[in-house]
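[1] starting from these lines, generate the structure:
(one chain, ligands or ions: 2)
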Amino acid sequence: MGHSDQDRVVIFDTTLRDGEQSPGATMSHAEKLEIAGLLDEMGVDIIEAGFPIASDGDFEAVRAIAAQAQTAVICGLARANLNDIDRCWEAVKNARRPRIHTFIGTSPLHRAIPNLNQDEMADRIHETVTHARNLCENVQWSPMDATRTEDDYLCRVVEIAIKAGATTINIPDTVGYTAPRESADLIRMLLEKVPGADEIIFATHCHNDLGMATANSLAAVEAGARQIECTINGLGERAGNTALEEVVMALKVRNDIMPYQTGIDTTKIMNISRRVATVSGFPVQFNKAIVGKNAFAHESGIHQDGMLKNAETFEIMRPEDVGLTETNLVMGKHSGRAALRSKLNDLGFELGDNQLKDVFVRFKALADQKKEVYDEDLIALMQDGTDAE
Ligand code: KIV
Ligand code: ZN
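    Numbers count the residues shown, from 1 in each chain. Ligands and ions are numbered 1, 2, ... in the order given. Reported below is the predicted structural model:
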């Protein structure tokens, strides 16, 4: 039996916007283009490429990503004012499939910042979403801090945004406060109470302050959300955003109880995870689900014995499904150039012959002093090389 559109969950990646907002995670123009290319290739449906009003650099990056994208929708973020929205449109309008994403904080705490009362904010939402929709037929609207917004007011403003032409309504858990049952209840309530809710897509956008972002996103999907907003490696402000690799692999591995499909080629996960770690300067913790160094590693005798007899004894996913080869090359002073190139490729570095020659000399010098050269040593070696340039 085929899958219906109802089963399809849209993956919206915001590594280049919310992810890059992590203090210290700034990426260069070329790095952003590279990551956007990898996201497009792996089947991400929507790439939030940046916040065009934030800086000229952000604007240019979003514009270049829009021009380069082959398949993905390219989205830019804009606050709820006409200037921001115009600038965002300028940046995304040349994409094959552009989207404007505009937002405003709707909770009592957030309403106090621009000092708008409920009616004034409702008018602002109507005006800005209408403006965005006049520019672009694909408009996403977010009530920031939705999970701490009063239910009645949330229903009211979501209805206004839908009537003004929003085609996706995103429900952010901006401060990672919600719990899975609440995440589901909120989507269910909006679907039941808001007129026109069945005409649009609800998105879930979770932060990981209490370590519940993945669970909250999946609970929202089970309640009817059909877009998950996430980042590679869970990169994002504070404790980060929902990790793309976690929700995608959870939907794949537990499709028996969560029968939803994504368009992601999961074999590309490991490479992009490593590239994002490298370009953002945020290493992945060893025991991180799916992409951590130890996620498919086994050390104790009992585990190794079980694995040798049947990999399913201690693994619920195949390493190949996330793009790992089974071979673990141990690097030491006896390793050759080909092994070094292959290992560095696995770590996300593509080297020309001259670069390889130079790294190989430094690698040999290091290997002479150590029993084993670990992945972190190789990454440091590569970074030293880049710093010296
Ligand atoms: O977390 C958040 O509320 C956001 C919005 C801008 C969607 O990132
Ligand atoms: Zn966010």
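[2] any idea which residue sits dead centre in the chain?
    In the chain, the C-alpha nearest the mean C-alpha coordinate belongs to Thr231, at 1.6 Å (C-alpha atoms, centre = their mean).
[3] quick one: that residue and Gln383, what's the gap?
    Thr231 is 22 Å from Gln383, where distance means C-beta to C-beta, to the nearest Å. C-betas here are computed from N, CA, C, even on glycine.
[4] for the stretch 51-200 of the chain, what lies in contact range of ligand 1?
    Phe103, Ser142, Met144, Asn170, Pro172, Thr174 (C-beta under 6 Å from any ligand atom).
[5] any chance of JSON lines for these, columns neighbour count and pLDDT?
    Shown next, in JSON lines, are those (neighbours: other C-beta atoms under 10 Å; pLDDT from 0 to 100):
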{"residue": "Phe103", "neighbour count": "23", "pLDDT": "98"}
{"residue": "Ser142", "neighbour count": "25", "pLDDT": "98"}
{"residue": "Met144", "neighbour count": "19", "pLDDT": "98"}
{"residue": "Asn170", "neighbour count": "22", "pLDDT": "98"}
{"residue": "Pro172", "neighbour count": "24", "pLDDT": "98"}
{"residue": "Thr174", "neighbour count": "22", "pLDDT": "98"}
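[6] can you list these in a markdown table and add distance to Leu251 and secondary structure?
    Formatted as a markdown table, these follow (distance: C-beta to C-beta, whole Å; DSSP: H, G, I helix; E, B strand; the rest coil):
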| residue | distance to Leu251 | secondary structure |
| --- | --- | --- |
| Phe103 | 26 | strand |
| Ser142 | 23 | strand |
| Met144 | 26 | strand |
| Asn170 | 19 | strand |
| Pro172 | 21 | strand |
| Thr174 | 24 | coil |
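[7] max pairwise distance over those: which two?
    Within those, Asn170 and Thr174 form the most distant pair, 10.7 Å apart (C-beta to C-beta).
[8] and for those two, which residues touch both?
    His205 (C-beta atoms under 8 Å, 6 or more residues apart in numbering).
[9] pLDDT score for the residue nearest to Asn138 when sequence neighbours are not counted?
    Excluding the flanking residues, the one nearest Asn138 by C-beta to C-beta, 6 or more residues apart in numbering is Arg99, at 4.2 Å. Reading off the per-residue confidence, Arg99 sits at a pLDDT of 99.
[10] ok, Val330 next?
    So, for Val330, pLDDT stands at 66.
[11] just the strands in the stretch 101-250 of the chain please.
    139-144, 168-173, 201-206, 227-230 (DSSP state E, counting those that start in this stretch).
[12] export the longest helix seen in the chain as PDB, just CAs?
    For the chain, the helix with the greatest residue count under DSSP state H is helix 118-135. Extracted in PDB, the C-alpha atoms of helix 118-135 (Å, rounded to 0.1, in the frame of the first residue of the first chain):
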ATOM      1  CA  GLN A 118      -3.300  42.000  22.400                       C
ATOM      2  CA  ASP A 119      -5.400  44.000  19.800                       C
ATOM      3  CA  GLU A 120      -2.400  46.000  18.600                       C
ATOM      4  CA  MET A 121      -0.400  42.900  18.100                       C
ATOM      5  CA  ALA A 122      -3.200  41.200  16.300                       C
ATOM      6  CA  ASP A 123      -3.400  44.200  13.900                       C
ATOM      7  CA  ARG A 124       0.400  44.000  13.400                       C
ATOM      8  CA  ILE A 125       0.200  40.300  12.500                       C
ATOM      9  CA  HIS A 126      -2.600  40.900  10.000                       C
ATOM     10  CA  GLU A 127      -0.700  43.700   8.400                       C
ATOM     11  CA  THR A 128       2.700  41.900   8.100                       C
ATOM     12  CA  VAL A 129       1.400  38.500   7.000                       C
ATOM     13  CA  THR A 130      -0.700  40.200   4.400                       C
ATOM     14  CA  HIS A 131       2.300  42.100   3.200                       C
ATOM     15  CA  ALA A 132       4.400  38.900   3.000                       C
ATOM     16  CA  ARG A 133       1.700  37.100   1.100                       C
ATOM     17  CA  ASN A 134       1.400  39.900  -1.400                       C
ATOM     18  CA  LEU A 135       5.100  39.300  -2.200                       C
END
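[13] i'd like the first residue to be 96 from this point on
    Got it, first residue is 96 now, which makes that one helix 213-230.
[14] show me what counts as buried in that helix.
    Met216, Ala217, Arg219, Ile220, Thr223, Val224, Thr225, His226, Ala227, Arg228, Leu230 (16 or more other C-beta atoms under 10 Å).
[15] now whichever residue of the stretch 346-484 of the chain sits closest to ligand 1: closest residue in space, sequence neighbours ignored.
    Using C-beta to the nearest ligand atom, the point where the stretch 346-484 of the chain gets nearest to ligand 1 is Ser375, with a distance of 16.9 Å. Setting aside the residues directly before and after it, Ser375 is nearest to Ala120 in space (C-beta to C-beta, 6+ apart), at 4.3 Å.
[16] that neighbour belongs to a strand?
    No - residue state for Ala120 (DSSP: H, G, I helix; E, B strand; the rest coil) corresponds to coil; a strand is not indicated.
[17] ok, it - contacts?
    Counted by C-beta under 8 Å, 6+ apart, Ala120 has contacts Gly114, Leu330, Ser375, Gly376, Phe377.
[18] which one among these gets closest to Ile208?
    Gly114 (23.6 Å).
[19] next, give phi and psi for that closest one.
    Dihedral pair for Gly114: phi -60, psi -50, per degrees, to the nearest 10.
[20] in this structure, what helix or strand scores lowest on average pLDDT?
    Lowest on mean pLDDT, DSSP states H and E among the helices and strands of the chain sits helix 396-404, with a mean of 50.
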